[in-house]
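Asker: Got a sequence here, can you model it:
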Amino acid sequence: MSTILAGEQNDSVRKLVREGYTKIAQETSASCCSSGVSCCGSAPQDADKLARELGYTVEDLKALPEGANMGLSCGNPAALAALKPGETVLDLGSGGGFDVFIAGRKVGETGRAIGVDMTPEMLGKARNNIAGYRKETNLDNVEFRLGEIEHLPVADNSVDAIISNCVINLSPDKTQVWSEMARVLKPGGRVAVSDMALVKPLPPEVMKMVEALVGCVAGAALVSETGRMAREAGLTDIVLKVKSDYTEAMLDFEDPLYKKIIELLPAGAKTSDYITSLEVQALKPKEACCGNDCCES
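Answerer: Take a look at the predicted model:
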């Protein structure tokens, strides 16, 4: 495929994703796949229940601005990152600000939590939530930037930790996303990602579903490919933890996307035979080389 055709295909994928998540931002109760269920998680009335099952505490959820939790999680990257006071943390695909607001409390008044999202409507929702966050916490340490995760609006070697929750799978150029993560991390910095991944390739019928793309399924990479991309970006100490119980939980929540997928799988197959939630942790070496330049912590 030529560079031009590949670029056009990537733009088409981004357009589909942006349209799907614009709809969620405008109508939190709406889904790109079915009314009342969000695209990568539970129905709004079950959003807190899902978050608790994924490891978020009651205290985390109580402190959130209204509407920040839209049920779009497939893990708890802020907990994985073990954030410390004074650190700068970056959230890729920050949506309504769910993980950014939680991270902001963890890094405190001397730290900084930055969210990046390519959907203006999501960015507007997150920025509107800042006032409520400041009132609740007395902290002024969060910000949201418009941008694509393949081209982060963040300086080189500037963040201590990167988190992302069910977003990288949506990117049409995941290799570039991992390269960008390595670029913006400080030497010694870390990645803590929760994402959707494939245990094995999905049947073609599922791959053709637009709902499956925007719903964090059809665009997901194989678990092994995720590890390879992280290594090739220059990251080390990579840990991949498969959590297949997430997809079964989506059926318990009666998510229409997962119900539709199960109908298209071979007889006797389960969604967890193909799709999993994946926790990824990795480090940028303390002496990291980019091109011909090396920088030390």
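Asker: Please make it C-alpha for all contacts and neighbour counts, starting now.
Answerer: Fine.
Asker: What about the nearest residue to residue 147 once chain neighbours are set aside, how many residues nearby?
Answerer: Closest residue to residue 147 in three dimensions, ignoring its sequence neighbours and counting by Cα to Cα, 6 or more residues apart in numbering: residue 118, at 4.8 Å. Neighbourhood size, residue 118 [other Cα atoms under 10 Å]: 21.
Asker: which residues of this protein score low on pLDDT?
Answerer: 1-78, 80, 208-216, 218, 246-256, 258, 288-297 (pLDDT under 70).
Asker: Please enumerate the helices of it.
Answerer: Secondary structure of the chain (DSSP state H): helices located at 3-26, 47-53, 58-62, 77-81, 98-107, 120-128, 130-137, 174-184, 204-207, 210-214, 223-232, 245-252, 256-264.
Asker: Please verify my assumption that the residue nearest to residue 147 contacts residue 92.
Answerer: No: assessed by Cα atoms under 8 Å, residue 118 is found out of contact with residue 92, at 9.7 Å.
Asker: Could you tell me which residues touch both of those two?
Answerer: In terms of Cα atoms under 8 Å, 6 or more residues apart in numbering, residue 118 and residue 92 are both contacted by the residues residue 149.
Asker: wait, doesn't residue 186 sit right on residue 158?
Answerer: Yes: counting by Cα under 8 Å, residue 186 touches residue 158, with 5.4 Å between them.
Asker: Show me which of the two is the more surrounded one.
Answerer: For residue 186 against residue 158, the residue with the higher neighbour count under other Cα under 10 Å is residue 186, and the figures read 26 against 16.
Asker: Please report the distance of the closest residue in space to that one that isn't next to it in sequence from residue 184.
Answerer: Sequence neighbours aside, residue 157 is the residue nearest to residue 186 in space, at 4.0 Å (criterion: Cα to Cα, 6+ apart). With the distance defined as Cα to Cα, to the nearest Å, residue 157 ends up 5 Å from residue 184.
Asker: Compare these two (neighbour count), which wins?
Answerer: Here residue 157 and residue 184 are compared on neighbour count by other Cα under 10 Å; more neighbours surround residue 184, at 22 against 19.
Asker: how near is that one to residue 191?
Answerer: Going from residue 184 to residue 191 by Cα to Cα gives 11 Å.
Asker: What of residue 152?
Answerer: Remark: distance between residue 152 and residue 191 (Cα to Cα) = 15 Å.
Asker: Looking at these two, which one has more neighbours?
Answerer: The residue with the greater number of neighbours, taking residue 152 and residue 191 and applying other Cα under 10 Å, is residue 191; the counts read 26 against 19.
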